[in-house]
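Enquirer: Structure for this input, please:
(one chain, ligands or ions: 1)
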Amino acid sequence: MADLSSLAQGIVSGSISVIDLTAPLNPETPVLVLPEPWGQTAKFSSTEISNYDERGPWWYWNNFSTGEHTGTHLDAPNHWVSGKDLDDVSQIPPQRLVGPAVVLDFVAHTQADPDFLLDVTHIKEWEAKHGKLPAHGWVLFRTGWSSRGNAQDTFLNADETGPHTPGLSIAAANYLAHETDILGLGVETVGTDAGQAFGFETPFPCHANLMGANKYGLTQLRNLDKLPTTGAVVIAAPLKIEKGSGSPTRVLALVSK
Ligand code: MN
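Expert: The predicted structure follows:
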């Protein structure tokens with residue numbers, strides 16, 4: 001009880017910051033584009049119901065439409081065929097949406113190579129410096145990619161060979177999924193997998209391994225530069241869509257000053 005009241009006090013006094021890791025959701029919010037012949041996710045859109053006018057004199061509201069995987073969102077285990085019998089987004093225990101977060105900063109690597117892949121050796125080097133990846137924790141892969149997040153073209157960074165965005169090697173995806181007890185992987189890019197991951201020997205290894213191991217993905221995160229390497233607590237709050245494979249998600253971090 002004492003801990004919770006000091007947490008609340010810290011939030012009120014500002015000694016604990018609440019950092020919003022969520023990208024704004026609007027019709028221009030970038031979305032994943034898959035090669036033919038696969039189906040495409042929808043962008044966010046909204047239509048006005050009334051705006052303090054004859055359709056409703058005292059109120060303003062909208063209907064909205066969006067893909068489950070549009071903008072900052074959570075991938076539920078049933079998003080991938082490897083996790084098809086595991087939880088949908090409404091079934092994820094709420095306790096598993098909140099946990100300690102660590103930041104793996106590979107901005108310099110990504111600036112040198114947009115196709116940079118985090119490998120097991122990078123993770124082990126990080127662990128040697130900062131400790132084991134936290135059980136029941138979020139691993140946040142910082143690439144600086146969120147600075148491109150207001151424009152579909154620069155965010156997807158695609159040419160005739162497909163999108164070029166950073167991600168994880170097959171071995172690293174395997175390691176996180178099967179040799180750690182994390183909740184999931186958070187990234188700044190449009191999806192947890194690298195842009196070129198459609199052509200990997202195991203295609204989309206983050207999706208295949210993490211979802212199959214009952215772990216989650218968080219995408220299009222912002223403000224990772226405002227988090228400490230260790231010590232933040234992240235809360236991910238997807239909509240409780242029954243049978244949903246994911247949902248746009250408000251992702252908040254608590255950081256002690
Ligand atoms: Mn997704």
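Enquirer: Next, count neighbours for L86.
Expert: By the criterion of other CB atoms under 10 Å, L86 has 18 neighbours. All C-beta spots, glycine's among them, are computed from the backbone N, C-alpha and C.
Enquirer: Pull up the residues of this structure that are close to the ion.
Expert: H69, D75 (CB under 5 Å from the ion).
Enquirer: Sketch out the strands for the chain, chain order is fine.
Expert: Taking DSSP state E to define them, one finds strands in the chain at 16-20, 45-53, 56-65, 73-75, 98-105, 117-118, 138-142, 158-159, 162-163, 167-168, 184-187, 216-218, 230-238, 246-256.
Enquirer: winner for burial among those strands?
Expert: Highest mean neighbour count among the strands of the chain (mean count of other CB atoms under 10 Å): strand 73-75, with a mean of 29.
Enquirer: so what does it touch, helix or strand wise?
Expert: Judged by 3 or more CB pairs under 8 Å, 6 or more residues apart in numbering; DSSP states H and E, the packing partners of strand 73-75 are strand 216-218, strand 230-238, strand 246-256.
Enquirer: Give the full set of residues in contact with V187.
Expert: L140, F141, T143, W145, G167, G217, L218, T219, Q220, L221 (CB atoms under 8 Å, 6 or more residues apart in numbering).
Enquirer: circling back: possible to save the strands of the chain as a markdown table with distance to T29 and mean pLDDT?
Expert: Below are the strands of the chain laid out as a markdown table (distance: least, CB to CB, whole Å; pLDDT from 0 to 100):
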| stretch | distance to T29 | mean pLDDT |
| --- | --- | --- |
| strand 16-20 | 15 | 98 |
| strand 45-53 | 10 | 98 |
| strand 56-65 | 12 | 98 |
| strand 73-75 | 10 | 98 |
| strand 98-105 | 23 | 98 |
| strand 117-118 | 25 | 98 |
| strand 138-142 | 20 | 98 |
| strand 158-159 | 17 | 96 |
| strand 162-163 | 16 | 94 |
| strand 167-168 | 20 | 98 |
| strand 184-187 | 16 | 98 |
| strand 216-218 | 15 | 98 |
| strand 230-238 | 16 | 98 |
| strand 246-256 | 9 | 98 |
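Enquirer: okay if I get those as JSON lines plus distance to N26?
Expert: Below are those laid out as JSON lines (distance: least, CB to CB, whole Å):
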{"stretch": "strand 16-20", "distance to N26": "15"}
{"stretch": "strand 45-53", "distance to N26": "9"}
{"stretch": "strand 56-65", "distance to N26": "10"}
{"stretch": "strand 73-75", "distance to N26": "14"}
{"stretch": "strand 98-105", "distance to N26": "26"}
{"stretch": "strand 117-118", "distance to N26": "30"}
{"stretch": "strand 138-142", "distance to N26": "24"}
{"stretch": "strand 158-159", "distance to N26": "21"}
{"stretch": "strand 162-163", "distance to N26": "21"}
{"stretch": "strand 167-168", "distance to N26": "25"}
{"stretch": "strand 184-187", "distance to N26": "20"}
{"stretch": "strand 216-218", "distance to N26": "19"}
{"stretch": "strand 230-238", "distance to N26": "19"}
{"stretch": "strand 246-256", "distance to N26": "12"}
